[in-house]
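starting from these lines, generate the structure:
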Amino acid sequence: MSSRTQAPLRPYDVVLIGGGVMSATLAILLKHVEPTWSIAVFERLPEVAQEASAAWHNAGTGHAGLCELNYTSENPDGSIDFEKAVTVNEQFQQSRQLWAALVEAGVLGKPETFINPMPHMTLVQGSDDVKFLRRRQEAMSAHPLFTSMRFSDDPKVIGDWAPLLTQSRESTEPIAATRDITGSDIDFGELTAQMFHYLKSAGVTVYRRNEVVGLSRSNDGTWKLKVHHYTDRDRFTHLVDARFVFAGAGGYALKMLQKAGIPEARGFGLLPVSGRFLRCDNPEIVDRHEAKVYGKAPEGAPPISMPHLDTRIVDGRRAILFGPYPGANPKFLKHGSMLDAVASLRPHNLGPLTGMLGGNLGLVWLLASQVASTRKKKLALLREFAPAADPADWTMITAGQRAQVVKRDAEGRGALQFGTEVVAAHDGSIAAVLGASPGASTAPAILLDVLDRCFPRYRPYWAPRLRELIPTLGVSLAHDPRLARQTMLRTAEVLGLAAPLPPDHEA
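Numbers count the residues shown, from 1 in each chain. The predicted model follows:
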């Protein structure tokens, strides 16, 4: 392959690195509030939405705190702390509002092409966990955002909700489940592709097969990007100027921050984790399961390894996924390099990374044991959810690559962070999103934070326009039950989702 240097590309107001859901959402927001700004997107693959946003590279869960046990905990007095679930749900309500506004504006196509109603369930086993789940539902269902959550420890009821959970299950085993009909399944790949289709028609330039390999600060405070454009035979090098740079490139976002050399990125490291799922396409099985069912993660395991049995709807076809099963892979992206993890090491993040590993030896052993587990053991885990599962109906597939954030904690040691983290320069000229779940589900809320941190002086001017897309912006639905219900009803109607139920005592 030959290499050539070409003349610089035009300067841009905004450059977005990565063609996933984060970049697409930020471009949508910016194009709405500043339609005259020039925006360019650089994606290293031949098409957008081919990494973590791709339909089969994630479980498609519209994370809203309805079923994920890692968003709730038990206090010493036995009460249930679900504040994290409230936060995630409020953020997801902003996502629903944005998508509903884009559907009504014709930016997105028919809702069923990217989002579908799908009950969210939690399944537990054993008398102690049954008691915990009952208390959890009693506490959460009294909150205006969780009125649709129902509980049962009756196998017949649970079997009516999701037949695969109870077929061939021992009748002596205590089980319980909660179910919330307002949950959803999302094809983030299709959602991202539709947003980019609109953005290109609105004047956003999308460069594919273009990889940003360098960033440097110019004397005037702008950024100069070095970009490799690949063809089948040649590599061309461009230079691009930008007033603002955003990296929504999954694990490669850390590489971009390190190349930029901003002090705010010091101390950050990443723990790459690959994921695999068992997939079932047998219509006789698929037609008997309509839910996303989450269980408990193994003791000491990260939330990303929380097992779940999910109905997926992609291109109008249904399938079931079960997993995830962690894998050992040093890449930061599925289409990344085997040297990603090693290349990200710096003197300032070696301490946090080694400290995190030293303080989480149980996690390291758990991941290693799961990587080495046999297909028989993997099927045994599946049968904890679907006892009658036949190995012939399930095929192992590889999902997208995740990179969990490692950063210094208050004591100066390394801590593994779960969730999504925004890292921005003090002057707001460059920002990036690191981490994983809930990620794509709460992209609008995450990127509104980016706008607040990077463009603070624009905040009062942009707020009215942003409320055209997200009417409850700046308002807490958790403290306004009437507004919460009105908002959920409206977005459910536009997006074709299930309307919220009244509280149990009113049902």
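
quick one: secondary structure of residue 312?
strand (DSSP: H, G, I helix; E, B strand; the rest coil).

ok, now which ones touch it?
55-56, 59-60, 185, 318-321 (C-beta atoms under 8 Å, 6 or more residues apart in numbering). Using the backbone N, CA and C atoms, a C-beta is placed for each residue, glycine as well.

any idea of the pLDDT on it?
Note for residue 312: predicted pLDDT of 98.

and what of residue 352?
So residue 352 comes in at 85 (pLDDT).

for it, which non-adjacent residue is spatially closest?
Distance criterion C-beta to C-beta, 6 or more residues apart in numbering; nearest residue to residue 352, sequence neighbours excluded, is residue 414 at 3.2 Å.

strands of the stretch 1-150 of the chain, start to end?
With DSSP state E, counting those that start in this stretch, the ranges of strands along the stretch 1-150 of the chain come out as 2-5, 12-17, 39-43, 73-74, 80-81, 115-117, 120-125, 150-152.

the second one packs against which elements?
This means strand 12-17. Counting contacts by 3 or more C-beta pairs under 8 Å, 6 or more residues apart in numbering; DSSP states H and E, strand 12-17 packs against helix 21-33, strand 39-43, strand 234-247, helix 252-260.

mean neighbour count, distance to residue 451 and mean pLDDT for the ones you listed - can I get that in CSV?
Below are those laid out as CSV (neighbours: other C-beta atoms under 10 Å; distance: least, C-beta to C-beta, whole Å; pLDDT from 0 to 100):
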stretch, mean neighbour count, distance to residue 451, mean pLDDT
helix 21-33, 25, 7, 98
strand 39-43, 25, 14, 97
strand 234-247, 19, 10, 95
helix 252-260, 23, 17, 93
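
which stretch among those comes nearest residue 481?
When those are compared by C-beta to C-beta, helix 21-33 sits nearest residue 481, at 28.1 Å.

just how off-centre is the closest one within its chain?
16 Å (C-alpha atoms, centre = their mean, to the nearest Å).

got the CA coordinates for it in CSV?
Output in CSV follows, covering the C-alpha atoms of helix 21-33 (Å, rounded to 0.1, in the frame of the first residue of the first chain):
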residue,chain,number,x,y,z
VAL,A,21,-24.6,6.4,18.3
MET,A,22,-22.7,8.9,20.5
SER,A,23,-21.4,11.0,17.5
ALA,A,24,-24.7,10.7,15.7
THR,A,25,-26.7,12.0,18.7
LEU,A,26,-24.3,14.8,19.4
ALA,A,27,-24.4,15.9,15.8
ILE,A,28,-28.3,15.9,15.9
LEU,A,29,-28.2,18.1,19.0
LEU,A,30,-25.7,20.5,17.6
LYS,A,31,-27.3,20.7,14.2
HIS,A,32,-30.6,21.7,15.9
VAL,A,33,-29.1,24.4,18.1
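
what is that helix packed up against?
Using 3+ C-beta pairs under 8 Å, 6+ apart: helix 21-33 touches strand 12-17, strand 39-43, helix 83-104, helix 188-201, strand 234-247, helix 443-454, helix 459-469.

can you rerun that using 7 Å?
Packed against helix 21-33 by the contact rule (3 or more C-beta pairs under 7 Å, 6 or more residues apart in numbering; DSSP states H and E) you find strand 12-17, strand 39-43, helix 188-201, helix 443-454, helix 459-469.

re the thing from before, can you tell which of the helices and strands packed on strand 12-17 is closest to residue 438?
Of those, nearest to residue 438 by C-beta to C-beta is helix 21-33, at 11.9 Å.

what angle separates the closest one from helix 188-201?
40 degrees (axes from the mean of the first three to the mean of the last three C-alpha atoms, to 10 degrees).

what residues does helix 21-33 touch?
14, 16, 37, 39, 41, 53, 188, 191-192, 195-196, 199, 202, 204, 246, 248, 433, 440, 443-444, 447, 450-451, 462, 465-466, 469 (C-beta atoms under 7 Å, 6 or more residues apart in numbering).

with stretch 255-270 instead?
Counting by C-beta under 7 Å, 6+ apart, 17, 212, 214-215, 247, 249, 251, 254, 332, 344, 346, 348-349, 352-353, 403-408, 423-426, 430, 432, 434 sit against stretch 255-270.

thinking again about what came up before, list buried residues within the contacts of helix 21-33.
14, 16, 37, 39, 41, 53, 188, 191-192, 195-196, 199, 204, 246, 248, 433, 440, 443-444, 447, 450-451, 462, 466, 469 (16 or more other C-beta atoms under 10 Å).

returning to what we had before: which of the contacts of stretch 255-270 are buried?
Buried among the contacts of stretch 255-270 (16+ other C-beta under 10 Å): 17, 212, 215, 247, 249, 251, 254, 332, 344, 349, 352-353, 403-408, 423-425, 430, 432, 434.

in helices only, show me the residues you listed.
254, 349, 352-353 (DSSP state H).

for residue 407, what are its contacts?
With C-beta under 7 Å, 6+ apart, residue 407 has these contacts: 267-268, 352, 415, 417.

list only buried entries from these.
Buried among the contacts of residue 407 (16+ other C-beta under 10 Å): 267-268, 352, 415, 417.

TSV for those residues, including secondary structure and distance to residue 142?
Formatted as TSV, the buried ones among the contacts of residue 407 follow (DSSP: H, G, I helix; E, B strand; the rest coil; distance: C-beta to C-beta, whole Å):
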residue	secondary structure	distance to residue 142
267	coil	41
268	coil	39
352	helix	40
415	strand	33
417	strand	30
